[in-house]
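In: pasted the sequence and its predicted model underneath.
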Amino acid sequence: MSPFDLLADLVADGGVVVLSGAGLSTESGIPDYRGPSGRRRPSSPMTYQDFTGSAAARRRYWARSHLGWRHIERARPNPGHRAVARLQELGLVSAIITQNVDGLHQAAGAGGVIELHGSLHRVRCLSCGARTPRERLDERLSAANPGWAADDSAQVNPDGDAALEDSLIDGFSIVDCEGCGGLLKPDVIFFGENVPPPRVTECYALSERAGLLLVLGSSLTVLSGYRFVRHAARHAVPVAIVNQGATRGDEHALLTLDAALGSTLSTLVDGLRV
């Protein structure tokens, strides 16, 4: 039996918990961190410590993110996202855990998505905890920076920021919380920041009760997602990985499939519907 046929049989049994990564969104125009080769792309993600400890770092982040948000906002679900939503609709996918912060699972129609690392579509105040829509911050930043212009074709990163010249960063004005004047941060988990424990506990519980843990588009290099693969394997839950390139979790997987996600998942859904 081919890996694809085995995958189809496992998914058809239901109880599938999906764990998705940046590779699922590349067909929507959002690059992943490493690419098919597994080699990390040249970028410097913001750390929580830098963001909270340096006004210059916050200015750099928000300037780059203000530009990058245009790309995230315009991104649309690709066939892979739609296939996952369809599997959920068919009752075969019981839960979706995503490491992505782009909101594309929900845009494709999936419900109850656990956003392991949060979402770029929300902003949180570090003082009062208020959460507000990213669209509101975008309006405020545009008003605070009239005439600010940047190259709209700049390369966007998976975490939503984009490459910018220092001159554009230095002249950028940031804004604070409208309610209390506190520091605003995207409602995402930065490097150096911990995922909230209740969220982690929920994902552990889902991964050990799954009929299948299906990893889609993640190299599993970061422990944040890899731990659930290890946890599933320890509880004798089969693990299937569909990704372009090898992953850190391959040794724990019952099957691995090195393939493009959009076409592979669409074919899978078409076969199951028949």
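Out: Cool, the structure landed.
In: and the next helix or strand past the helix or strand of the chain with the lowest mean pLDDT?
Out: Least confident element among the helices and strands of the chain, by mean pLDDT, DSSP states H and E: helix 166-170 (a mean of 84). Sequence-wise, the next helix or strand downstream of helix 166-170 (DSSP states H and E) is strand 184-188.
In: list the buried ones in that next one?
Out: Neighbour counts over strand 184-188 (16 or more other Cβ atoms under 10 Å) mark 184-188 as buried. (C-beta placed from N, C-alpha, C; glycine too.)
In: with distance to Ser224 added, can I get those residues in CSV?
Out: Formatted as CSV, the buried residues of strand 184-188 follow (distance: Cβ to Cβ, whole Å):
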residue, distance to Ser224
Leu184, 23
Lys185, 18
Pro186, 17
Asp187, 16
Val188, 12
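In: now distance to Leu261 and pLDDT too, for the residues you listed, in CSV please.
Out: Putting the buried residues of strand 184-188 into CSV (distance: Cβ to Cβ, whole Å; pLDDT from 0 to 100) gives the following:
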residue, distance to Leu261, pLDDT
Leu184, 33, 98
Lys185, 30, 97
Pro186, 25, 97
Asp187, 26, 97
Val188, 22, 96
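In: closest to Ile241 among those?
Out: Val188 (24.3 Å; Cβ to Cβ).
In: wait, that closest one sits on Val101?
Out: Yes. Here Val188 reaches Val101: they are 4.8 Å apart, a contact under Cβ atoms under 8 Å.
In: mutual contacts of these two, please.
Out: 117-120, 159-160 (Cβ atoms under 8 Å, 6 or more residues apart in numbering).
In: from those, which has minimum pLDDT?
Out: Minimum pLDDT for those is recorded at Asp159 (68).
In: tell me the secondary structure at Arg124.
Out: Of the three states, Arg124 takes strand under DSSP: H, G, I helix; E, B strand; the rest coil.
In: beta-bridge partners for it, please?
Out: Arg131, Lys185 (DSSP bridges).
In: near the closest residue to Gly103 other than its chain neighbours, how many other residues are there?
Out: Closest residue to Gly103 apart from its sequence neighbours, by Cβ to Cβ, 6 or more residues apart in numbering: His121 at 5.0 Å. His121 has 21 neighbours, counted by other Cβ atoms under 10 Å.
In: what's the answer for Phe190, then?
Out: With other Cβ under 10 Å as criterion, Phe190 counts 19.
In: residues touching the closest residue to it other than its chain neighbours, list them.
Out: Once flanking residues are discounted, Phe190 sits nearest to Tyr48: 4.1 Å by Cβ to Cβ, 6+ apart. Contacts for Tyr48 (Cβ under 8 Å, 6+ apart) come out as 190-193.
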